[in-house]
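Peer 1: The sequence and its predicted three-dimensional model are supplied below.
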Amino acid sequence: MTNFVEYIEQPCLTKAQLAAQLPADMGITQREARDIIDSFFGLIADSLARGEEVKIANFGSFELRHKSPRPGRNPRTGDEVTIESRKTVKFFASPKQKERLQKPVTRHSNSARAARVTTT
């Protein structure tokens, strides 16, 4: 079993880190980067809330799943309870993303793209 302390100390990418990286890669302001990221994730969340599937080419797809009610147990008292039905989101990595995950880690840079974007 994985040690809980090790689990919580593993690095993760946050929205704040994304917003900090975009200005350097794309030549935009920090505020514009935050607005773009908030808008992007808002569009995904709104689409899922409407029951729509979200597909992002070469990355993956997000699908809304419906979990049926099921029997469960209160861990504190041991009493049987019914866990109500609920909606959840499942992510499926694209074949290209699965392939990318098997390769050694390298930092992705859009420097050339950013140069094209700012000079045109």
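Peer 2: Yep, that arrived.
Peer 1: Which helix runs longest in this protein?
Peer 2: Identified as the longest helix of the chain according to DSSP state H is helix 30-49.
Peer 1: any idea how the chain splits into domains?
Peer 2: 13-52, 58-104 (automatic domain parsing).
Peer 1: on that earlier part again, can you tell me which helices and strands the longest helix of the chain packs against?
Peer 2: If contacts are counted by 3 or more C-beta pairs under 8 Å, 6 or more residues apart in numbering; DSSP states H and E, helix 30-49 sits against helix 15-26, strand 54-56, strand 60-67. All C-beta spots, glycine's among them, are computed from the backbone N, C-alpha and C.
Peer 1: relative to strand 60-67, how tilted is that helix?
Peer 2: 40 degrees (axes from the mean of the first three to the mean of the last three C-alpha atoms, to 10 degrees).
Peer 1: what's next to helix 30-49, contact-wise?
Peer 2: 15, 18-20, 22-23, 26, 28, 53-54, 62, 64, 89 (C-beta atoms under 8 Å, 6 or more residues apart in numbering).
Peer 1: hmm, try it at 6 Å
Peer 2: 15, 18, 19, 22, 23, 54, 64, 89 (C-beta atoms under 6 Å, 6 or more residues apart in numbering).
Peer 1: what about burial for these, which qualify?
Peer 2: Buried members of the contacts of helix 30-49, scored by 16 or more other C-beta atoms under 10 Å, are 19, 22, 23, 54, 64.
Peer 1: follow-up on the earlier one: where among the domains of the chain is the average confidence lowest?
Peer 2: Here these differ in mean pLDDT, and the lowest is domain 13-52 at a mean of 90.
Peer 1: list the buried ones in it?
Peer 2: 19, 22, 23, 26, 28, 33, 34, 48.
Peer 1: I'd like those as JSON lines, with distance to residue 79 appended.
Peer 2: Shown next, in JSON lines, are the buried residues of domain 13-52 (distance: C-beta to C-beta, whole Å):
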{"residue": "19", "distance to residue 79": "45"}
{"residue": "22", "distance to residue 79": "50"}
{"residue": "23", "distance to residue 79": "53"}
{"residue": "26", "distance to residue 79": "54"}
{"residue": "28", "distance to residue 79": "54"}
{"residue": "33", "distance to residue 79": "49"}
{"residue": "34", "distance to residue 79": "46"}
{"residue": "48", "distance to residue 79": "33"}
